[in-house]
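Undergrad: just need the structure, nothing else, for what follows:
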Amino acid sequence: MNFVTATPFTPLAAVAGGALIGLAAVLLFGLVGRIAGISGIVGGLLDRRPAGGRGWRVAFVLGLVAGAALAGAVLGGRFGAPRMGYPPLLLLAGGLLVGYGTALARGCTSGHGVCGLARLSPRSLAAVAVFLATGIATAVLLRHGLALA
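TA: Presented below is the predicted three-dimensional model:
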């Protein structure tokens, strides 16, 4: 099976997306005093009594969904074809490992990478270094080490 596919280089979309993510992080921190880490926000929705309330969390998650819908409307639904052919057990294992890693790192890439680094957090710097090293090792392993590509 070939798990490696080429994706188009879209610098304008990447810059616009990054700017919107940064704006959302700044607004959430400025208006609510909270870090825009998605795992913490969604995890707080699953708690019976989340620290800091539930309303802003619901609004943030709904904003993510609305933003994707708006992007779909603007782009005419051209998000690219979903990748097919991944073994379901591999997807399940990957999802569980991501969830475990997020819990282990006490935050996700958005919380550490976008917000933590902006606050010069040493813990976030360490977490992002581990995220990147693991991602690079995984890509190298999948592309070259396991002959899956």
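
Undergrad: only C-alpha atoms from now on, for both contacts and neighbour counts.
TA: OK.

Undergrad: what count of nearby residues applies to V140?
TA: 12 (other Cα atoms under 10 Å).

Undergrad: ok, which stretches of the protein are helices?
TA: 11-32, 38-46, 55-74, 88-104, 109, 117-118, 122-140 (DSSP state H).

Undergrad: among the ones you listed, which is the most enclosed?
TA: Highest mean neighbour count of the helices of the chain: helix 109, a mean of 19 (counted as mean count of other Cα atoms under 10 Å).

Undergrad: would CSV of the helices of the chain with mean pLDDT be doable?
TA: Below are those laid out as CSV (pLDDT from 0 to 100):
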stretch, mean pLDDT
helix 11-32, 88
helix 38-46, 85
helix 55-74, 87
helix 88-104, 85
helix 109, 80
helix 117-118, 88
helix 122-140, 89
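
Undergrad: just list the residues touching A24, thanks.
TA: A36 (Cα atoms under 8 Å, 6 or more residues apart in numbering).

Undergrad: looking at it, V128 is touching H112, isn't it?
TA: Yes: counting by Cα atoms under 8 Å, V128 touches H112, with 6.5 Å between them.

Undergrad: thank you kindly, that will do.
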